[in-house]
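>>> what shape does this take:
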Amino acid sequence: MTASEGANYAPAPMPQPVVGPGEFVFAAVCLDHGHIYGMSEGLIGAGATLKWVFDPDQSKVEAFRQKFPQVRAASSEAEVLADPEVRLVAGAAVPSERADLGLRVMAAGKDYFTDKTPLTTLEQLEAVRAACARTGRKYAVYYSERIHVEAAVLAGQLIERGAIGKVLEVIGLGPHRIGGLDTRPDWFYEREKFGGILCDIGSHNFEQMLYFTGASHADVVSASVANYAHPEHPEFEDFGNAQIVMDNGTTGFVRVDWFTPDGLRTWGDGRTIILGTDGYIELRKYINIGTDEGGGHVFLVNHEGEQHINATGRVGYPFFGAFVRDCLDRTENAMTQEHALKAAEISVKAQLAARVLTPAR
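Sure thing, here's the model as predicted:
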């Protein structure tokens, strides 16, 4: 049977804007990944004011301005960084270039909000941590598969209320659709630039493992990567998995891949399964296959019974308002700096430890 939704499991109130027009100004630069749109929409939804956009590719700037007609096109990155009104710079650069952009932003006295993966090497991680300590600026990360997915937001609320007891394990499945090979930029297939599949899209899942278990650190137990089906791009990785053990005794497993079939109605059937001592939660984030229900599904099973909650339009994205206030108040309520960078550290270490399974051609 399916139990009715209990009051204790109803979503928290929808978040509201936390600032008024002009109170928190930000800019968007380096539009190499489409996540910059979601990053900007989230900040605007929290009340932030988008003033500038810059990218060397004018076609990307014009496309961005079609979506955000209020934004002004800057002539250079330097123009953005010199503007005293700009408190935050959001960027979705090529992954290997995200750390250097962040260092320039923080050196200019502004906070930085980068797409995941936030960096691709341990050397970059060391430089970022040093810059955060030196400047006092924020190096925040858009781990969108948790902070910008209502089902994942609701799962966090349910776990906080004790709906499944103590979390023991998090399993994350992150399939993606690659699309036509001619639709992706060259850097997408270059190992040094995209950082590897576990470093890149795997970072979403490592962040969720830390968040849902409440862990602070993790060790990589095993990891594997492969290029099974794209020999024309020998540096590319279309499959990866990893197991980690966290410092509080919990475990995590992730599988990421680029094998979403064309018959699926969305880009990937992303799922997360969270096991607790008193129940479990399954998130069907983007689609509930075989139905017309769309995404946003939370399936909760515990001692009270079974529940299916659709979080779509009911939870919102509280990260963004909390993050805006963190930038203004110099707090860490949305996500701590250590958490954001620890997820990145685990991602890089999993990538470095990965056994290569690519078959001989």
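
>>> what's the closest non-adjacent residue to the residue nearest the centre of the chain?
Nearest to the mean C-alpha position of the chain, counting by C-alpha atoms, centre = their mean, stands residue 143 at 1.5 Å. Of all residues beyond its chain neighbours, the one nearest residue 143 is residue 207 (4.3 Å), with distances taken as C-beta to C-beta, 6 or more residues apart in numbering. Where C-beta positions appear, they are placed from N, C-alpha and C, glycine not excepted.

>>> how many residues are close by the one you found?
25 (other C-beta atoms under 10 Å).

>>> where does it land in three-state SS?
Assigned by DSSP: H, G, I helix; E, B strand; the rest coil, the conformation of residue 207 is helix.

>>> tell me the pLDDT at it?
On pLDDT, residue 207 comes in at 98.

>>> contact partners for it?
By C-beta atoms under 8 Å, 6 or more residues apart in numbering, the contact list for residue 207 reads 116, 141, 143, 146, 339, 340, 343.

>>> between the residues you listed, which sits nearest residue 189?
Residue 189 lies nearest to residue 116 out of these, by C-beta to C-beta, at 18.6 Å.

>>> contacting residues for that closest one?
Applying C-beta under 8 Å, 6+ apart, we find residue 116 in contact with 35, 141, 142, 143, 144, 200, 203, 204, 207.

>>> what's the closest non-adjacent residue to it?
Leaving aside its sequence neighbours, residue 116 sits nearest to residue 203 (C-beta to C-beta, 6+ apart; 4.8 Å).

>>> and that neighbour, helix, strand or coil?
Following three-state DSSP, residue 203 is assigned to helix.

>>> isn't it up against residue 344?
Yes. Under the criterion of C-beta atoms under 8 Å, residue 203 makes contact with residue 344 at 6.2 Å.

>>> list residues touching both of the two?
117, 118.

>>> below-threshold pLDDT in the protein: ranges please.
Applying pLDDT under 70 to the chain picks out residues 1-7, 180-182.

>>> buried residues of the longest helix along the chain, list them for me.
What stands out as the longest helix in the chain, according to DSSP state H, is helix 337-353. Neighbour counts over helix 337-353 (16 or more other C-beta atoms under 10 Å) mark 337, 339-351, 353 as buried.

>>> farthest-apart pair in those residues, please.
337 and 353 (24.4 Å).

>>> what sits against residue 17?
45, 46, 47, 321.

>>> filter the residues you listed to the buried ones?
46, 47, 321.

>>> among the residues you listed, which ones are in helices?
By the criterion of DSSP H, membership of the buried ones among the contacts of residue 17 in helices covers residue 321.

>>> can I get the buried ones among the contacts of residue 17 in a markdown table with distance to residue 286?
Output for the buried ones among the contacts of residue 17, formatted as a markdown table (distance: C-beta to C-beta, whole Å):
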| residue | distance to residue 286 |
| --- | --- |
| 46 | 23 |
| 47 | 27 |
| 321 | 24 |
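
>>> nearest to residue 94, out of the buried ones among the contacts of residue 17: which one, please.
residue 46 (26.8 Å).

>>> got the CA coordinates for stretch 310-326 in PDB?
Presented in PDB, the C-alpha positions along stretch 310-326 are these (Å, rounded to 0.1, in the frame of the first residue of the first chain):
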ATOM      1  CA  ASN A 310       6.200  14.800  -5.300                       C
ATOM      2  CA  ALA A 311       8.400  17.700  -4.300                       C
ATOM      3  CA  THR A 312       7.900  19.700  -7.500                       C
ATOM      4  CA  GLY A 313       6.900  23.200  -6.900                       C
ATOM      5  CA  ARG A 314       6.600  22.600  -3.100                       C
ATOM      6  CA  VAL A 315      10.100  22.900  -1.700                       C
ATOM      7  CA  GLY A 316      12.000  25.500  -3.700                       C
ATOM      8  CA  TYR A 317      15.800  26.100  -3.400                       C
ATOM      9  CA  PRO A 318      16.700  27.500   0.000                       C
ATOM     10  CA  PHE A 319      20.400  27.300  -0.700                       C
ATOM     11  CA  PHE A 320      20.400  30.500  -2.800                       C
ATOM     12  CA  GLY A 321      18.900  32.800  -0.200                       C
ATOM     13  CA  ALA A 322      21.100  31.300   2.500                       C
ATOM     14  CA  PHE A 323      24.100  31.800   0.300                       C
ATOM     15  CA  VAL A 324      23.300  35.400  -0.500                       C
ATOM     16  CA  ARG A 325      22.900  36.100   3.200                       C
ATOM     17  CA  ASP A 326      26.200  34.300   3.900                       C
END
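
>>> for it, buried residues please.
Those would be 310-311, 314-326, for stretch 310-326 by 16+ other C-beta under 10 Å.

>>> stretch 58-76 now?
Under the neighbour-count criterion of 16+ other C-beta under 10 Å, stretch 58-76 has 60, 61, 64, 71, 74 buried.

>>> then it to CSV, C-alphas only?
Taking C-alpha atoms only, stretch 58-76 is exported to CSV below (Å, rounded to 0.1, in the frame of the first residue of the first chain):
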residue,chain,number,x,y,z
GLN,A,58,29.9,37.2,-28.1
SER,A,59,27.5,34.5,-29.3
LYS,A,60,27.4,33.1,-25.8
VAL,A,61,26.9,36.6,-24.4
GLU,A,62,24.0,37.3,-26.7
ALA,A,63,22.3,34.0,-25.9
PHE,A,64,22.7,34.8,-22.2
ARG,A,65,21.1,38.2,-22.7
GLN,A,66,18.2,36.7,-24.5
LYS,A,67,17.4,34.9,-21.2
PHE,A,68,18.4,37.8,-19.0
PRO,A,69,17.7,41.0,-21.0
GLN,A,70,18.4,43.2,-18.0
VAL,A,71,22.1,42.3,-17.9
ARG,A,72,24.8,44.6,-19.3
ALA,A,73,27.6,43.2,-21.5
ALA,A,74,31.0,44.0,-20.1
SER,A,75,33.9,44.7,-22.4
SER,A,76,36.3,42.5,-20.3
